[in-house]
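# whatever this is, show me its structure:
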Amino acid sequence: MSDIKLTDQDIELLNSKEGLLALLRNKKTNVPKALEVATYLHELKIKQEELIKFQNWIIKKDKKVVILFEGRDAAGKGGAIRRITQCINPRHFRIVALNKPSKDEEKQWFFQRYIKQLPKPGELVLFDRSWYNRAVVEPVNGFCTDKEYKRFMNHVNEFEKMLVESDVHLVKLYFSITKEEQAKRFKDIKNSPLKRWKMSPVDEKAQELWDDYTKYKKAMFEQTNTETAPWIIIDANVKPIARLKAIDHIFDSIPYK
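Below is the predicted model of the structure:
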(Lines give C-alpha, C1' and ligand atoms only; values in the text may rest on other atoms or scores of the structure.)
Protein backbone atom coordinates (compact mmCIF):
# COMPACT_ATOMS: atom_id res chain seq x y z
CA MET A 1 0.00 0.00 0.00
CA SER A 2 2.97 2.32 0.58
CA ASP A 3 3.77 2.14 -3.17
CA ILE A 4 0.40 3.62 -4.11
CA LYS A 5 0.67 7.31 -4.96
CA LEU A 6 -2.48 9.22 -4.25
CA THR A 7 -3.24 12.80 -5.24
CA ASP A 8 -4.96 15.22 -2.87
CA GLN A 9 -8.08 14.74 -4.97
CA ASP A 10 -7.85 10.94 -4.56
CA ILE A 11 -7.53 11.28 -0.79
CA GLU A 12 -10.49 13.66 -0.65
CA LEU A 13 -12.58 11.23 -2.69
CA LEU A 14 -11.61 8.25 -0.50
CA ASN A 15 -12.61 10.25 2.58
CA SER A 16 -16.03 11.00 1.12
CA LYS A 17 -19.11 8.90 1.84
CA GLU A 18 -18.71 7.12 -1.49
CA GLY A 19 -15.00 6.49 -0.83
CA LEU A 20 -15.53 5.07 2.63
CA LEU A 21 -18.27 2.77 1.36
CA ALA A 22 -15.94 1.58 -1.40
CA LEU A 23 -13.11 0.92 1.05
CA LEU A 24 -15.34 -1.04 3.43
CA ARG A 25 -17.24 -3.12 0.87
CA ASN A 26 -14.59 -5.91 0.93
CA LYS A 27 -12.79 -7.53 3.88
CA LYS A 28 -9.42 -6.98 2.22
CA THR A 29 -8.65 -3.32 1.51
CA ASN A 30 -7.94 -2.62 -2.15
CA VAL A 31 -7.22 1.09 -2.52
CA PRO A 32 -7.03 1.27 -6.36
CA LYS A 33 -10.30 -0.66 -6.68
CA ALA A 34 -11.93 1.44 -3.97
CA LEU A 35 -10.82 4.60 -5.78
CA GLU A 36 -12.31 3.28 -9.01
CA VAL A 37 -15.62 2.48 -7.32
CA ALA A 38 -15.69 5.79 -5.46
CA THR A 39 -15.05 7.70 -8.70
CA TYR A 40 -17.96 5.89 -10.35
CA LEU A 41 -20.31 6.53 -7.41
CA HIS A 42 -19.29 10.19 -7.32
CA GLU A 43 -19.93 10.63 -11.06
CA LEU A 44 -23.21 8.73 -10.79
CA LYS A 45 -24.37 11.02 -7.98
CA ILE A 46 -23.66 14.11 -10.09
CA LYS A 47 -25.59 12.65 -13.03
CA GLN A 48 -28.49 11.61 -10.77
CA GLU A 49 -28.73 15.19 -9.54
CA GLU A 50 -28.94 16.28 -13.18
CA LEU A 51 -31.61 13.63 -13.81
CA ILE A 52 -33.76 15.35 -11.19
CA LYS A 53 -33.47 18.60 -13.18
CA PHE A 54 -34.23 16.63 -16.34
CA GLN A 55 -37.38 15.20 -14.81
CA ASN A 56 -38.44 18.59 -13.48
CA TRP A 57 -38.20 19.92 -17.05
CA ILE A 58 -40.40 17.03 -18.26
CA ILE A 59 -43.00 17.81 -15.60
CA LYS A 60 -42.94 21.61 -15.94
CA LYS A 61 -43.06 21.61 -19.75
CA ASP A 62 -45.55 18.72 -20.07
CA LYS A 63 -43.05 16.73 -22.14
CA LYS A 64 -43.53 13.10 -23.13
CA VAL A 65 -40.34 11.02 -23.02
CA VAL A 66 -39.85 7.37 -24.01
CA ILE A 67 -36.54 5.57 -23.53
CA LEU A 68 -36.06 2.07 -24.94
CA PHE A 69 -33.51 -0.24 -23.31
CA GLU A 70 -32.55 -3.05 -25.66
CA GLY A 71 -29.68 -5.53 -25.74
CA ARG A 72 -28.87 -9.19 -25.32
CA ASP A 73 -29.84 -11.08 -22.19
CA ALA A 74 -27.72 -10.01 -19.19
CA ALA A 75 -26.50 -6.88 -21.00
CA GLY A 76 -27.28 -4.67 -17.99
CA LYS A 77 -30.50 -3.00 -19.10
CA GLY A 78 -32.26 -3.41 -15.75
CA GLY A 79 -29.27 -2.18 -13.75
CA ALA A 80 -29.05 0.97 -15.87
CA ILE A 81 -32.76 1.63 -15.45
CA ARG A 82 -32.46 1.29 -11.66
CA ARG A 83 -29.64 3.86 -11.50
CA ILE A 84 -31.51 6.28 -13.74
CA THR A 85 -34.72 6.12 -11.69
CA GLN A 86 -33.12 5.76 -8.24
CA CYS A 87 -33.47 9.40 -7.19
CA ILE A 88 -36.24 10.85 -9.35
CA ASN A 89 -39.91 11.35 -8.46
CA PRO A 90 -41.72 7.98 -8.74
CA ARG A 91 -45.04 9.71 -9.45
CA HIS A 92 -43.83 10.94 -12.80
CA PHE A 93 -42.11 7.93 -14.37
CA ARG A 94 -42.99 4.34 -15.20
CA ILE A 95 -40.90 1.29 -16.00
CA VAL A 96 -42.57 -0.99 -18.54
CA ALA A 97 -41.51 -4.64 -18.85
CA LEU A 98 -44.34 -6.44 -20.60
CA ASN A 99 -44.97 -10.17 -20.35
CA LYS A 100 -45.79 -12.29 -23.41
CA PRO A 101 -49.01 -11.07 -25.04
CA SER A 102 -52.35 -12.46 -23.94
CA LYS A 103 -54.64 -14.31 -26.33
CA ASP A 104 -56.59 -11.10 -26.97
CA GLU A 105 -53.40 -9.09 -27.50
CA GLU A 106 -52.16 -11.63 -30.04
CA LYS A 107 -55.22 -10.78 -32.16
CA GLN A 108 -54.68 -7.01 -31.88
CA TRP A 109 -52.50 -4.73 -34.00
CA PHE A 110 -48.98 -5.52 -32.77
CA PHE A 111 -48.21 -1.98 -31.52
CA GLN A 112 -51.53 -1.60 -29.68
CA ARG A 113 -50.37 -2.89 -26.31
CA TYR A 114 -47.34 -0.62 -26.44
CA ILE A 115 -49.45 2.43 -27.28
CA LYS A 116 -51.32 1.86 -24.01
CA GLN A 117 -48.01 2.31 -22.16
CA LEU A 118 -46.96 5.58 -23.78
CA PRO A 119 -46.45 8.59 -21.47
CA LYS A 120 -49.00 11.23 -20.69
CA PRO A 121 -47.77 14.85 -20.70
CA GLY A 122 -45.20 15.38 -17.94
CA GLU A 123 -44.18 11.72 -17.76
CA LEU A 124 -41.10 9.60 -18.49
CA VAL A 125 -41.56 5.96 -19.55
CA LEU A 126 -38.66 3.51 -19.66
CA PHE A 127 -39.15 0.27 -21.60
CA ASP A 128 -37.11 -2.67 -20.33
CA ARG A 129 -37.30 -4.33 -23.74
CA SER A 130 -39.86 -2.92 -26.12
CA TRP A 131 -41.60 -3.50 -29.43
CA TYR A 132 -38.16 -4.49 -30.73
CA ASN A 133 -38.70 -7.94 -29.20
CA ARG A 134 -40.28 -8.69 -32.55
CA ALA A 135 -37.12 -7.62 -34.38
CA VAL A 136 -34.76 -10.01 -32.59
CA VAL A 137 -35.98 -12.16 -29.66
CA GLU A 138 -39.21 -13.39 -31.26
CA PRO A 139 -37.86 -14.51 -34.65
CA VAL A 140 -34.76 -16.10 -33.10
CA ASN A 141 -36.86 -18.17 -30.69
CA GLY A 142 -39.73 -18.91 -33.05
CA PHE A 143 -42.25 -16.74 -31.19
CA CYS A 144 -43.50 -15.10 -34.38
CA THR A 145 -43.92 -16.09 -37.99
CA ASP A 146 -41.73 -14.81 -40.80
CA LYS A 147 -44.74 -12.87 -42.11
CA GLU A 148 -45.27 -11.20 -38.71
CA TYR A 149 -41.57 -10.33 -38.51
CA LYS A 150 -41.51 -8.76 -41.98
CA ARG A 151 -44.72 -6.84 -41.30
CA PHE A 152 -43.17 -5.40 -38.13
CA MET A 153 -39.97 -4.38 -39.92
CA ASN A 154 -42.03 -2.67 -42.63
CA HIS A 155 -44.12 -0.72 -40.11
CA VAL A 156 -41.85 0.15 -37.18
CA ASN A 157 -40.13 3.17 -38.74
CA GLU A 158 -43.45 4.75 -39.62
CA PHE A 159 -44.78 3.99 -36.14
CA GLU A 160 -41.80 5.73 -34.53
CA LYS A 161 -42.08 8.65 -36.93
CA MET A 162 -45.70 9.07 -35.82
CA LEU A 163 -44.57 9.12 -32.18
CA VAL A 164 -41.89 11.74 -32.78
CA GLU A 165 -44.23 13.89 -34.85
CA SER A 166 -46.71 13.68 -31.94
CA ASP A 167 -44.11 15.40 -29.71
CA VAL A 168 -42.83 12.24 -28.04
CA HIS A 169 -39.10 12.35 -27.30
CA LEU A 170 -37.87 8.86 -28.26
CA VAL A 171 -34.44 7.55 -27.23
CA LYS A 172 -33.34 4.06 -28.35
CA LEU A 173 -30.45 2.58 -26.34
CA TYR A 174 -28.81 -0.74 -27.22
CA PHE A 175 -26.48 -2.32 -24.63
CA SER A 176 -23.84 -4.35 -26.46
CA ILE A 177 -21.80 -7.11 -24.75
CA THR A 178 -19.49 -9.85 -25.99
CA LYS A 179 -20.36 -13.54 -25.98
CA GLU A 180 -17.70 -14.16 -23.31
CA GLU A 181 -19.08 -11.44 -21.07
CA GLN A 182 -22.61 -12.79 -21.41
CA ALA A 183 -21.41 -16.28 -20.42
CA LYS A 184 -19.65 -14.83 -17.38
CA ARG A 185 -22.76 -12.94 -16.27
CA PHE A 186 -24.98 -15.99 -16.74
CA LYS A 187 -22.62 -17.94 -14.48
CA ASP A 188 -22.76 -15.20 -11.83
CA ILE A 189 -26.56 -15.12 -12.01
CA LYS A 190 -26.87 -18.89 -11.60
CA ASN A 191 -24.49 -18.84 -8.62
CA SER A 192 -26.42 -16.11 -6.82
CA PRO A 193 -29.49 -17.10 -4.75
CA LEU A 194 -30.76 -13.53 -5.17
CA LYS A 195 -30.44 -13.48 -8.97
CA ARG A 196 -31.33 -16.98 -10.13
CA TRP A 197 -34.92 -15.91 -10.82
CA LYS A 198 -33.58 -13.81 -13.71
CA MET A 199 -32.65 -16.87 -15.78
CA SER A 200 -35.45 -17.76 -18.17
CA PRO A 201 -35.72 -20.52 -20.77
CA VAL A 202 -34.87 -17.88 -23.39
CA ASP A 203 -31.73 -16.93 -21.44
CA GLU A 204 -30.67 -20.56 -21.24
CA LYS A 205 -30.52 -20.77 -25.04
CA ALA A 206 -28.92 -17.36 -25.62
CA GLN A 207 -25.34 -18.60 -25.95
CA GLU A 208 -26.33 -21.42 -28.27
CA LEU A 209 -28.29 -18.98 -30.48
CA TRP A 210 -25.68 -16.20 -30.34
CA ASP A 211 -25.11 -16.09 -34.12
CA ASP A 212 -28.85 -16.01 -34.84
CA TYR A 213 -29.25 -13.06 -32.47
CA THR A 214 -26.36 -11.33 -34.22
CA LYS A 215 -27.97 -11.77 -37.66
CA TYR A 216 -31.30 -10.28 -36.58
CA LYS A 217 -29.60 -7.54 -34.55
CA LYS A 218 -27.67 -6.38 -37.63
CA ALA A 219 -30.86 -6.38 -39.71
CA MET A 220 -32.57 -4.32 -37.00
CA PHE A 221 -29.83 -1.68 -37.01
CA GLU A 222 -29.70 -1.54 -40.81
CA GLN A 223 -33.45 -1.03 -41.21
CA THR A 224 -34.47 0.94 -38.11
CA ASN A 225 -31.53 3.27 -37.45
CA THR A 226 -33.29 6.31 -38.89
CA GLU A 227 -32.64 10.02 -38.71
CA THR A 228 -35.93 10.44 -36.86
CA ALA A 229 -35.23 7.68 -34.31
CA PRO A 230 -31.55 6.65 -34.34
CA TRP A 231 -30.02 3.84 -32.31
CA ILE A 232 -27.42 4.63 -29.67
CA ILE A 233 -25.11 1.63 -29.17
CA ILE A 234 -23.41 1.44 -25.77
CA ASP A 235 -20.41 -0.80 -25.07
CA ALA A 236 -21.79 -2.50 -21.96
CA ASN A 237 -19.01 -4.95 -21.03
CA VAL A 238 -18.20 -2.74 -18.02
CA LYS A 239 -21.47 -2.03 -16.22
CA PRO A 240 -20.54 1.21 -14.38
CA ILE A 241 -19.20 2.84 -17.54
CA ALA A 242 -22.25 1.72 -19.52
CA ARG A 243 -24.62 3.24 -16.96
CA LEU A 244 -22.87 6.60 -17.02
CA LYS A 245 -22.78 6.59 -20.83
CA ALA A 246 -26.49 5.78 -21.00
CA ILE A 247 -27.34 8.79 -18.85
CA ASP A 248 -25.06 11.04 -20.92
CA HIS A 249 -26.72 9.86 -24.14
CA ILE A 250 -30.16 10.65 -22.72
CA PHE A 251 -29.02 14.18 -21.90
CA ASP A 252 -27.45 14.57 -25.35
CA SER A 253 -30.56 13.26 -27.14
CA ILE A 254 -33.12 15.51 -25.49
CA PRO A 255 -32.62 19.31 -25.43
CA TYR A 256 -33.97 19.72 -21.92
CA LYS A 257 -31.83 22.77 -21.10
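
# now Ser130: closest residue in space that isn't a chain neighbour?
Leu68 (4.4 Å; CB to CB, 6 or more residues apart in numbering). Using the backbone N, CA and C atoms, a C-beta is placed for each residue, glycine as well.

# right, and that neighbour touches Val168 too?
No. Applying CB atoms under 8 Å as the test, Leu68 and Val168 come out as separate, 11.6 Å apart.

# more neighbours: the two, which one.
Leu68 (23 against 17; other CB atoms under 10 Å).

# which SS state does that one fall under?
strand (DSSP: H, G, I helix; E, B strand; the rest coil).

# and the helices in the stretch 51-200 of the chain?
77-85, 103-107, 112-115, 137-141, 146-165, 179-191 (DSSP state H, counting those that start in this stretch).

# closest to Ser16 out of those helices?
helix 77-85 (18.4 Å; CB to CB).

# next one: the closest one to chain centre, how far?
Distance, stretch centre to chain centre, for helix 77-85: 6 Å (CA atoms, centre = their mean, to the nearest Å).

# can you list contacts of that helix?
44, 48, 51, 69-71, 93, 95, 126, 128-129, 173, 175, 239, 242-243, 246-247, 250 (CB atoms under 8 Å, 6 or more residues apart in numbering).

# can you do 7 Å?
44, 51, 69, 71, 93, 95, 126, 128, 175, 239, 242-243, 246-247 (CB atoms under 7 Å, 6 or more residues apart in numbering).

# select, from these, the two members most distant in space.
Phe93 and Lys239 (21.5 Å).

# quick one: buried residues of stretch 106-120?
110-111, 113-114, 118-119 (16 or more other CB atoms under 10 Å).

# what's the closest of the helices of the stretch 51-200 of the chain to Thr224?
Across the helices of the stretch 51-200 of the chain, closest to Thr224 is helix 146-165 (CB to CB), at 5.8 Å.

# which helices and strands sit right next to the closest one?
strand 168-176, helix 210-224 (3 or more CB pairs under 7 Å, 6 or more residues apart in numbering; DSSP states H and E).

# got the angle for it vs strand 168-176?
130 degrees (axes from the mean of the first three to the mean of the last three CA atoms, to 10 degrees).

# ok, now which ones touch Arg134?
Arg134 neighbours (CB under 7 Å, 6+ apart): 110, 144, 149, 152.

# swap the cut-off to 8 Å and go again
110, 144, 148-149, 152.

# can you put the contacts of helix 77-85 in TSV and add pLDDT and distance to Arg82?
Shown next, in TSV, are the contacts of helix 77-85 (pLDDT from 0 to 100; distance: CB to CB, whole Å):
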residue	pLDDT	distance to Arg82
Leu44	97	11
Leu51	98	12
Phe69	98	11
Gly71	98	15
Phe93	98	12
Ile95	98	9
Leu126	98	10
Asp128	98	10
Phe175	98	14
Lys239	97	11
Ala242	98	13
Arg243	98	9
Ala246	98	11
Ile247	98	12
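
# many thanks, I have nothing further to ask.
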